[in-house]
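> Sequence plus predicted model, see below.
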Amino acid sequence: MQKIFLFAIVAIFALLAFTSPKDLIVTGTVTDQSGNPIPFATIKVVGTRTGLSADQNGHFSINVKSEQSELEISAAGFKNAVVRINGQKNITVVMEKSGAELKEVVVTAAYGTKRQARSTSTSVQNISSQQLYGVRSVNVNQALAGKVSGVQIRSQSAIALGRENTIRLRGENGLGNRTNEEFDREGYDYITENDFLKTNDNPLSTFSIDVDAASYSNLRRFLKDGQMPPAGAVRIEEMVNYFKYEYPQPKAADPFSVNTEISACPWNPDHRLALIGLQGKIIPTENLPSGNIVFLIDVSGSMSSEDKLPLLKQSLKLLVDQLRENDKVSLCVYAGNAGLVLPATNGLQKQKIKDAIDALESGGSTAGGQGIMLAYKTAKDNFIPGGNNRVILCTDGDFNVGVSSDDELVRLIEKERESGVFLTVLGFGTGNYQDAKMQKLADKGNGNHAYIDQLSEAKKVLVSEFGGTLFTIAKDVKLQIEFNPALVQGYRLIGYENRMLNKEDFNDDKKDAGEMGSGHTVTALYEIIPVGIASGFLKKVDTLKYQPVEKFSNSKFNQELMTVKLRYKEPDGKVSKLMEVPVSDRDLPLQSTSANFRFASSVAAFGMLLRNSSFKQQSSFKMVNSLASNALGPDTEGYRKEFVQLVQKATALAKKVRPDQSE
């Protein structure tokens, strides 16, 4: 009996020797040197992938493998701290300020602290609400009038950072010049419209596709507010591509189908109008690759209005409802600094993700460049090979701290896109909306750009077009059209001005171009001047002295109006693939064309009228209304009917501001 007992004891000890001990749970608090809690600090177990964020009171609870495990703690504005557990179950981590240089005193408050904007040398780490915002909110007009106790503007160029507003006082008139410029300084690039080109001199037309639709929803906002949009806000290709077109699905292994249609030009019957439509392959949501999505959210003071952060939060929660088990989401924010609010979280933990979104508040300046760097780092840390790795930037684009110029941001994005992480830019708000900046970021970041003016638009972009917005089926998609000089005297590409490429770029796989998402359609329109038609759009030049003049010979190609060539790469590919489609003109009457053709041409004409284009010719709001009304098609979502209503609004506005275009 005694032997049996001893054997049992030995067996138990042997079993314990080979059994891994259970994880130890360590709780603690992160504070500064004054004992104040540091909210949302990042705590990581050194040498492992285990990590989490402290709560708003600096408290945390984390599993460690050993009593000798080490924790690394980081927070914006503080030096990183590494502590050894040494068997303790509860610890207090006191962090030392980083000593980063602080610049520009902005507001002096009664509670005795001078609030300052941090320099760009502050490290990009997890960040608290106090560090993000840094200032209590004040009523702007009362502060300027000196009626807010304990608050005064310190200089003519001061920036008051508050949860409610961001105020900029600029100009030589100082405080006496209190205009609304902060709320009326939207940024748009000047657009030089594509001109007609002679086929003999320029037989090739080369451009990158564009699936963005931000221009349409933005100009819709202007028209609904009773204003004609500025010309720079009207990008005709984005207006046309806002709508769905009934193109056939691609066959075989091609990621998209190429479709063409030619008929009389509605605004000049002597000309021809050629439509080129691409239809991306529709991939069911359940078959989309796993997603690694990083929300990068602007929570600066300029985002406080209802059409910005509140609408943004509602919009992102619509997207969260679409997430699957194989998706993961991280949440980064930026104001005066950038921080990680939610580490990578499984898509099924929808309530946890929504709670993190709901907790966001606005206030502070806008360190957009810092936020972009953090978002890409987070995406790369959680990279899924063969998956959908994407940063979704949500902002009004009003960056004003650190890396903020267009050139600096473009270089940053161009560098980051090499990581295989794609970019989606969602624009919000009015008054200071920086459209031009966000166009550049999306174009250079292998991504797309949408403007969210209302919740229904968020539903369209993030729910109805979930796959197209977030999953790329082909990248660096380029089109090159060769026109036949025997039939085409001249031509003009309508829109795509900021997507034009040199003819040599078509075969250059190093040249960046547009991306196409699952189910997306892309439509381009060419206005063509046939041979033999007199036109004032084609300017004469003197006969060349040294160049041989070759007459185009009759051949089998004389029935071809043009040839459409297309190059694209797989989402993770380096070498492009070529598609080629010859196109003939079948003399199809306008009334016999598809609803696709007639509706797309009506949208293009509407864009030319809004821009007051020198190429609008016989276009009129009446013509647009008639053409669109008779080409509504199925229109299950009602977007085409809404377009007709916008045309009617524009007609009424034109009577007031452009009487010559009112018909």
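Yep, it's here. It should be emphasised that the depicted structure is a prediction, and the values quoted were computed from it without experimental measurement.
> list the contacts for residue 458?
Neighbour list for residue 458: 311, 314, 315, 318, 452 [criterion: C-beta atoms under 8 Å, 6 or more residues apart in numbering]. (Glycine included, C-beta is placed from N, CA and C.)
> doesn't residue 464 make contact with the fourth one?
No: with contact defined as C-beta atoms under 8 Å, residue 318 and residue 464 do not form a contacting pair (10.1 Å).
> picking that back up, generate CSV for the contacts of residue 458, with secondary structure as supplementary columns.
Below are the contacts of residue 458 laid out as CSV (DSSP: H, G, I helix; E, B strand; the rest coil):
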residue, secondary structure
311, helix
314, helix
315, helix
318, helix
452, coil
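> Where does pLDDT dip in the stretch 351-500 of the chain?
365-367, 400-404 (pLDDT under 70).
> Which residue ranges of it form helices?
Using DSSP state H, counting those that start in this stretch, the helices of the stretch 351-500 of the chain run over 368-381, 406-416, 435-444, 455-459, 466-470.
> Of all these, which one is nearest residue 280?
Of all the helices of the stretch 351-500 of the chain, helix 466-470 sits nearest to residue 280, with 6.9 Å by C-beta to C-beta.
> Can you give the contact residues for the closest one?
Contact partners of helix 466-470, identified using C-beta under 8 Å, 6+ apart, comprise 211, 280, 282-285, 288, 291, 293, 319, 322, 388, 390, 392, 424, 448, 450, 461-462, 517-520.
> Can you flag the buried ones in those?
The neighbour count (16 or more other C-beta atoms under 10 Å) marks 211, 280, 283, 288, 291, 293, 319, 322, 388, 390, 392, 424, 448, 450, 461-462, 517-520 as buried among the contacts of helix 466-470.
> partner residues bridging the most centrally placed residue in the chain?
Among the residues of the chain, the one closest to the centroid is residue 425, at 1.1 Å (C-alpha atoms, centre = their mean). As for beta bridges, residue 425 partners with residue 393, residue 449 under DSSP bridges.
> Would you format the helices of the stretch 351-500 of the chain as JSON lines with distance to residue 588 included?
Conversion of these to JSON lines gives the following (distance: least, C-beta to C-beta, whole Å):
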{"stretch": "helix 368-381", "distance to residue 588": "47"}
{"stretch": "helix 406-416", "distance to residue 588": "43"}
{"stretch": "helix 435-444", "distance to residue 588": "34"}
{"stretch": "helix 455-459", "distance to residue 588": "34"}
{"stretch": "helix 466-470", "distance to residue 588": "29"}
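> nearest to residue 540, of those?
When the helices of the stretch 351-500 of the chain are compared by C-beta to C-beta, helix 435-444 sits nearest residue 540, at 35.9 Å.
> Distance check, residue 265 against residue 595.
According to C-beta to C-beta, to the nearest Å, residue 265 and residue 595 sit 17 Å apart.
> Residue 357 contacts residue 319, correct?
No: the pair residue 357 / residue 319 is not scored as a contact, 9.8 Å apart, by C-beta under 8 Å.
> Show the secondary-structure elements that the lengthiest helix in the chain is packed against.
Secondary structure of the chain per DSSP state H: the longest helix is helix 639-657. Helices and strands touching helix 639-657, by 3 or more C-beta pairs under 8 Å, 6 or more residues apart in numbering; DSSP states H and E, are helix 214-224, helix 595-611, helix 621-629.
> So which of those helices is the most surrounded?
Highest mean neighbour count among these (mean count of other C-beta atoms under 10 Å): helix 595-611, with a mean of 25.
> Show the average pLDDT along that one.
The predicted model assigns helix 595-611 a mean pLDDT of 98.
> helices or strands up against that helix?
Right, helix 595-611 is packed against helix 236-241, strand 256-265, strand 268-280, strand 521-530, helix 621-629, helix 639-657 by 3+ C-beta pairs under 8 Å, 6+ apart.
> now the ones you listed as TSV including mean pLDDT and distance to residue 471?
Below are those laid out as TSV (pLDDT from 0 to 100; distance: least, C-beta to C-beta, whole Å):
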stretch	mean pLDDT	distance to residue 471
helix 236-241	98	17
strand 256-265	97	14
strand 268-280	97	10
strand 521-530	98	15
helix 621-629	98	31
helix 639-657	94	22
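> Quick one: the ones you listed as JSON lines, columns for distance to residue 92 too.
Formatted as JSON lines, the entries for the helices and strands packed on helix 595-611 read as follows, by distance: least, C-beta to C-beta, whole Å:
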{"stretch": "helix 236-241", "distance to residue 92": "54"}
{"stretch": "strand 256-265", "distance to residue 92": "59"}
{"stretch": "strand 268-280", "distance to residue 92": "55"}
{"stretch": "strand 521-530", "distance to residue 92": "58"}
{"stretch": "helix 621-629", "distance to residue 92": "67"}
{"stretch": "helix 639-657", "distance to residue 92": "57"}
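> okay, those, which one's buried deepest?
Among the helices and strands packed on helix 595-611, helix 236-241 has the highest mean neighbour count (mean count of other C-beta under 10 Å), at a mean of 27.
> partners of residue 32 in the sheet?
residue 95.
> Which residues are in contact with it?
38, 78, 94, 95, 97.
> pLDDT value on it, please?
Per-residue confidence (pLDDT) for residue 32: 87.
> Distance check, it against residue 82.
Relative to residue 82, residue 32 is positioned 17 Å away (C-beta to C-beta).
> Between the two ends of stretch 611-625, how far is it?
Length of stretch 611-625, first residue to last, C-alpha to C-alpha, to the nearest Å: 17 Å.
> re the thing from before, out of the helices and strands packed on helix 639-657, which comes closest to residue 577?
Closest approach to residue 577 among those is made by helix 595-611 (25.6 Å; C-beta to C-beta).
> Point out where the stretch 101-250 of the chain drops to low pLDDT.
The model of the stretch 101-250 of the chain has pLDDT under 70 over residues 101-184.
> What separates the first and last residues of stretch 291-310, distance-wise?
In stretch 291-310, first residue to last residue: 25 Å (C-alpha to C-alpha).
> what comes up buried for that stretch?
Buried residues in stretch 291-310, defined by neighbour count with 16+ other C-beta under 10 Å: 291-305, 307-309.
> So which of these belong to helices?
If you go by DSSP H, these have residue 309 in helices.
> Give me the subset of the buried residues of stretch 291-310 lying in strands.
Secondary structure defined by DSSP state E assigns 291, 292, 293, 294, 295, 296, 297, 298 of the buried residues of stretch 291-310 to strands.
> Chain neighbours aside, what residue packs nearest to the third one?
Here the nearest residue to residue 293 in space, its sequence neighbours aside, is residue 329; by C-beta to C-beta, 6 or more residues apart in numbering that works out to 5.1 Å.
> Which neighbouring elements make contact with the host helix or strand of that neighbour?
Per DSSP states H and E: residue 329 is located in strand 328-334. Judged by 3+ C-beta pairs under 8 Å, 6+ apart, strand 328-334 is in contact with strand 291-298, strand 338-346, helix 350-358, helix 368-381.
> Direction included, what does the first one pair up with?
The reference is to strand 291-298. Strands adjacent to strand 291-298 in the sheet, as given by DSSP bridges, are strand 328-334 (parallel), strand 388-395 (parallel).
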